Structure formats: structure tokens, C-alpha cells
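In: Got a sequence here, can you build the structure:
(chains A and B)
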2 protein chains.
Amino acid sequence: MKVAIQGELGSFSHEAVRNMLPRAVVVPCARSAEVFERVENSSVRAAVIPIENTLAGSVAEHFDLLLTRQVFIHREFPLRIRHNLIAPPGLTLAEVRRVFSHPVALDQCRSFFRMRPKIQAVPFYDTAGSVRHVIAEKLRDAAAIAPAQSAQQYAGRVLLAGIEDDQQNYTRFLLINKSRRVGRGANKTSIAFGLKNQPGVLFKALSVFALRDIDLSKIESRPMRGRPWEYVFFVDILRGDDATARNALRHLAEIAEFVKVLGVYPATNSSSI
Amino acid sequence: MKVAIQGELGSFSHEAVRNMLPRAVVVPCARSAEVFERVENSSVRAAVIPIENTLAGSVAEHFDLLLTRQVFIHREFPLRIRHNLIAPPGLTLAEVRRVFSHPVALDQCRSFFRMRPKIQAVPFYDTAGSVRHVIAEKLRDAAAIAPAQSAQQYAGRVLLAGIEDDQQNYTRFLLINKSRRVGRGANKTSIAFGLKNQPGVLFKALSVFALRDIDLSKIESRPMRGRPWEYVFFVDILRGDDATARNALRHLAEIAEFVKVLGVYPATNSSSI
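Out: Predicted coordinates:
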């Protein structure tokens, strides 16, 4: 089973696939749009995409693509983000003078650098790519900060594990697929909707859930193209495909300009808002 | 009057300052945190920061900084984003083979590149910085995509003006200041609040405005640090500092864990949600 990810092999997306579908063949893609296209044209069976991180927030581009592409969310998975110092085999910690990684990862390991003033942080385009780089270039003074998966991928050695500052660092990944299947135990529904430019309309839209005691776990807004200062809203409701949810969505359709159901799947996290 | 911006001279932030405060001395800063620190420690009088773009969406980092730093919004200004092809003096359009710019700007000028397949798009860290680069390096085949302000700043020549694909491209800038002044004609209030993890709590929070016929124009959510899958909400209400708004905020404080008023200022755009 082929599963597309955005970015390099050894990335956190790759790690998420390993957790969700241990036997999948991972197909790395340079751009997110390509990941969605491959799902749409069936050149892969599914894709795994990050949608939000508990420190950095939402991945805006993936919300936009869920809205416009014909894909459906089948599962979610919260991956604990553990940053590791990974070096070419043979290099010791005392020899490391430069550490390559994506700027977000470098920023999430500030205490590591504060405690080691002789080590320089070097921004690189990708976490897993930085491991590949220090190993392929046979750098004798450089390591990388990246997921454990990338040490395995590029035959690097983990010198230090879990060097992130904040352990409450999770990324929620979604498994997307072309088929509109609702799996067993599905108790969460992701939707997108647009609203008329009208006072109180967002409140009315949320009332269709509140009046039926349906909890929300997430709301996100994205700009509507061509209509400055208007928004598309993305909402996750903690409810599967039952009569109450269907009534709520029918009610929402009376208020909204459009409603799109992005997926109905089992919830793994359940904070209510 | 010194006004800080993030990024280089000649940037869209610089252009926004020119519009809002024509006689200000602009102080460029490498990082956004530095911009806010300079306002807090009074080494500048004010700062101008982008907060949302009608195509790309919110500038997440600036929402986070408005929450944690002691600054206050005094004005907003929607700047029309016009991308221009800017070259070293003497270079003609026919000689251009490479065009440098920030990836977002390159992506917003796709039809320019589609119509000119011989011209290569080259990603660069900054729009204005790309103008400075092609001029300082005396490149004889390269131009940059950047704001008109940067042609003036670095003595470049505008070869083509307004090459962006989508003319509904605006960035809303905020003027921030250390003083908690509410200016004349202020009819918009920006607030941030945190909510208890409780079913229906967001709906209750928004009811304090809806029940008083107070319109919203924007809602944004950002992750709460250390509390996975919980959020801080940022809301703009179309109301100044009057009795009704004060009652609504007092009511909100009953529901929310905290409420912070980020600024009370005159609205320039007024779509309601």
C-alpha cells in the first residue's frame, strides 16, 4: 500500500505513517499539492499529512487543500514530536560544532544550544534532509536535529534523544483517502463552511451544534479567496454520523453559503471548546 | 519619530509605515520578537506589523506576541499588495533570465512566469532583500519581485508594475505602541481570551457579543502552550470603548480563564461574521 507524504523520508510525517500503517510504502513528495493530487488520481492509496502542532499551530496550506481537493479524512493520529541529535557514525558529541535543522526544530531546542555555547545552530530546509546532508557530505564537525526515524533512514547515530524544550509537543496527523468511507467507531466529524457577510452569522452557525449539545474540539478560519476580510471556517465536532449530527449539518446548510464534510473518523483527542 | 518593522527597508511593512506615518524614521529589525521588545523598552516610539493577508491568512507569530507582550494596538491599515518587477538600472525586460523573491511573492505572480517560460523563479529570503541583492551584486540577467518602495530604497527601476495574479491581495497592518491610549473615533476592539476545557464554552463566550448585537469581524485560534489541544482565541469586535462593550467584556470574564484587551482603534474594514 503506497502512502504519500510531503517532505523527505525520515521526517515526522514518515514517523506518523510508521505508527498508523506500519507496512505502508512511503512515497515522498516535494509539495503538499502534489500529495493531494496523488491521492485524487490514485497513484497512491492514501496520504498522511500534518494538520496542527500544539506549539506552532495549524498547517494553513493543508486546511486550504482539504477544502478544494476531493479527499476524505479516515483517521487522525497525534504524534509526540521528539527531537534528537543525530550524527554521522563515529562522531562524538564533543566533536560537534555545528547543528543543522529546520528553523522551527532549532527554535524548539533552545536549552540544548544555551547549555552548549560552542555549538552553532545552522538553519536548513528540512529536519530529515539535514541528517541526510551531514551524512552524505561526511561532515566531521556537524550533526542534525531530526526525528529518530531519520537516523534509521540515513544510517545516522542518535547522540542525544528528546532534546526538545517543551514535551507538550504533539502534531496531529490525518490519514486522507479518495473514498468517502466512514469507519467503525467514528465519533468525530471535520467540516468546512462559508458564511454570508452578516452580523452574528458565526454565532448562529455555532448554535446548530450548541443547541444539540454537540461539542466542538477545534475552530480554524482561513481567508476566502477573492473576498477580502471574509473567511472559510473549519470546525471539528465530537460526533459521528448519527441523526443528531445530520440534523445539525442540515440546519447549518440553512445558514451557510456552503458546507463540506471533510471526514468522519474516530477521535483520538477530545478537549472540548 | 522612530518606528520599528520586521524585515528590510523597502518591504511592504516599510510601505505601510509610509502610508500611516509619512515622516517616521523606520528601524528595520531581523526578528519580530525584537520589534516588540523595542516598543516595550521604548527604544522606538511605535512599530508597524502585518497581522493578516487576504490570500495567505494570519501571521501567527504576531498574534502570539500581541498576547504576551505589553503593547497596545492604536491603528489598523489595509495595504494593497502590489508586486513589481524591479531591475538594476539599465537592464531591460528582454535581458532578464532569473527573478529573485520571497517564495510567497513568487507564488502570487504565477501568470507572469507562465507567460515567460525562459525566466526562472529563484526563491530568496525577503522581497526587498532580493532587490538589494540584484543591485548590489550588479547581476546582469536578474530582477526581483518586490514592493515599489524597494525600488526607491535601493535605486532600482520598475520594469513592470502590478504583476500579482490576484488583485484582491491586501495585508492588514497594525500600529502598536506602549501606551494604552484609545484614540478618537475608535470603533473596533481586539481581544484575546482563554477558555476552560468545557463543552459549549466557545459558544457561550461568543454569546456575550451576540446577545448585545455586537458584531465580530475576525476570530483566530492559537494553541495554548503546555496544554495540548486547548486554544487562545483572538476576536475583533466592531465596537469601541462604550458601556455595551464594557458589559460584554465583563460578561466574557465570567466565562473565560483570562481576557486581554489588545487595543481599541478605528476600523478601516468592516465585514461582519
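In: May I have the distance across stretch A:51-60, first residue to last?
Out: End-to-end distance for stretch A:51-60, by C-alpha to C-alpha, to the nearest Å: 8 Å.
In: ok now it, how far from the chain's centre?
Out: The chain centroid and the centroid of stretch A:51-60 are separated by 7 Å, computed with C-alpha atoms, centre = their mean, to the nearest Å.
In: got it, and stretch A:216-229?
Out: The answer for stretch A:216-229 is 18 Å, by C-alpha atoms, centre = their mean.
In: Buried ones in it, by neighbour count?
Out: A:L216, A:S217, A:K218, A:I219, A:E220, A:S221, A:R222, A:P223, A:M224, A:P228, A:W229 (16 or more other C-beta atoms under 10 Å in any protein chain shown). Every residue, glycine included, has its C-beta placed from N, CA and C.
In: Show the pLDDT at the first one.
Out: By that I understand A:L216. pLDDT recorded at A:L216 is 96.
In: Nearest residue to it in space, ignoring adjacent ones along the chain?
Out: Nearest residue to A:L216, sequence neighbours excluded (C-beta to C-beta, 6 or more residues apart in numbering or on different chains): A:I273, at 5.2 Å.
In: So what's the residue count around the one you found?
Out: 25 (other C-beta atoms under 10 Å in any protein chain shown).
In: now the helices for chain A?
Out: A:12-20, A:32-40, A:60-68, A:103-107, A:110-115, A:127-136, A:148-154, A:201-210, A:243-255 (DSSP state H).
In: what does the stretch 101-250 of chain A have sitting close to chain B?
Out: The stretch 101-250 of chain A has residues A:166, A:168, A:170, A:172, A:195, A:197-203, A:206-207, A:209-210, A:213, A:215-223, A:225-231 near chain B, with proximity defined as C-beta under 8 Å from any C-beta of the partner chain.
In: circling back to that earlier point, and the buried residues of stretch A:216-229, which is closest to A:A267?
Out: Nearest to A:A267 out of these is A:S217 (C-beta to C-beta; 7.4 Å).
In: The closest one against A:T189, yeah?
Out: No - in terms of C-beta atoms under 8 Å, A:S217 does not count as a neighbour of A:T189; the distance is 10.4 Å.
In: For the helix or strand of chain A with the lowest mean pLDDT, buried residues please.
Out: When the helices and strands of chain A are compared on mean pLDDT, DSSP states H and E, helix A:103-107 comes out lowest with a mean of 90. Neighbour counts over helix A:103-107 (16+ other C-beta under 10 Å) mark A:A105, A:L106 as buried.
In: Give me the contacts around it.
Out: Applying C-beta atoms under 8 Å, 6 or more residues apart in numbering or on different chains, the contact partners of helix A:103-107 are A:A56, A:H83, A:V99, A:F113, A:A121, A:P123, A:T127, A:I145, A:A146.
In: go with 6 Å
Out: A:H83, A:A121, A:P123, A:T127, A:I145 (C-beta atoms under 6 Å, 6 or more residues apart in numbering or on different chains).
In: any idea how far that helix is from the chain center?
Out: 16 Å.
In: returning to what we had before: in JSON lines, list the helices of chain A along with distance to A:N177.
Out: As requested, these are arranged in JSON lines below (distance: least, C-beta to C-beta, whole Å):
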{"stretch": "helix A:12-20", "distance to A:N177": "12"}
{"stretch": "helix A:32-40", "distance to A:N177": "7"}
{"stretch": "helix A:60-68", "distance to A:N177": "12"}
{"stretch": "helix A:103-107", "distance to A:N177": "28"}
{"stretch": "helix A:110-115", "distance to A:N177": "38"}
{"stretch": "helix A:127-136", "distance to A:N177": "24"}
{"stretch": "helix A:148-154", "distance to A:N177": "22"}
{"stretch": "helix A:201-210", "distance to A:N177": "26"}
{"stretch": "helix A:243-255", "distance to A:N177": "20"}
